[in-house]
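[1] got a sequence here, can you build the structure:
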Amino acid sequence: MKVGETQAQAQFGLKMGLLGVALVHPFFWGSNPIGSEAQNPSRKALVDRLWPFVCPAQPDNDDPWANPVAEGAPSLAQLGCRRVLVFVAEKDILRDRGWLFYEALSRSGWMGVVEIEETEGEDHGFHLYDLKCEKAKDLIKHLADFFNRDMPTLI
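    Numbers count the residues shown, from 1 in each chain. So this is what the prediction gives:
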C-alpha cells in the first residue's frame, strides 16, 4: 500500500477518498443473539430464516459483511473515511446490532468521528413509508446535514 492509501483503495484500485458514510438502519446480524434479539426469539428466528437468501455461503450469519464485529472480521480501525453516522430505530430488531457497531467502531482505534442517532417509537425503514411524518423529515434533515458538513470547496 502507498502512504495515505486505505486497504480498500489498494485492494480494489479505488481512486477517491470518502469523507463520510451514513448507515440508515443497517442490516448487521450474527449467530449469537444480543439485546432485544435474546428477549424476542421469534423475531430473531424470522430474520434467521431470511439469511440463506441474503448470504447463502454463510449459513451461520457471521459473514463479516453482515457482522463486522464477528471473530476474524477485518479491523474497523482501517475504515476508509473520516466520519460515520449510524441511524437506528427503537423498535427495529436490528437496533442493537447498530449500537454494537457504533460501540465497536468507537473502541477500534479508528481515527474518525462516529455518531449514532436513534429514533424513538419507530421500526426498521419507517422513513420510507411516510416521508412526510416529522420523524422521517428529521432523519432526512440529519442525513443531509451530515453529508453537507465539511464539504470540499470547489476551485
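[2] which sections of the protein are below the confidence cut-off?
    The chain contains residues with pLDDT under 70 at 1-15, 58-59, 151-155.
[3] I figured Y102 hits V114, correct?
    Yes. Y102 is in contact with V114 according to Cβ atoms under 8 Å; the separation is 6.0 Å. Where C-beta positions appear, they are placed from N, C-alpha and C, glycine not excepted.
[4] now do the shared contacts for these two.
    Where contact means Cβ atoms under 8 Å, 6 or more residues apart in numbering, the residues bridging Y102 and V114 through contact with each are V86.
[5] where do the strands sit along this protein?
    According to DSSP state E, the chain carries its strands in the segments 18-24, 81-89, 113-119.
[6] go through those and pick out the most buried.
    Of the strands of the chain, the one with the most neighbours on average (mean count of other Cβ atoms under 10 Å) is strand 81-89, at a mean of 20.
[7] partners of that strand, with directions?
    Sheet pairing here is set by DSSP bridges, and for strand 81-89 it gives strand 18-24 (parallel), strand 113-119 (parallel).
[8] export only the CA atoms of the first one, formatted as CSV.
    What follows is the C-alpha trace of strand 18-24 in CSV, where atoms were taken according to Å, rounded to 0.1, in the frame of the first residue of the first chain:
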residue,chain,number,x,y,z
LEU,A,18,-14.7,9.1,1.2
LEU,A,19,-15.4,11.9,3.6
GLY,A,20,-18.2,10.0,5.4
VAL,A,21,-20.5,7.1,5.5
ALA,A,22,-24.1,7.1,6.7
LEU,A,23,-25.7,3.8,7.7
VAL,A,24,-29.5,4.0,7.9
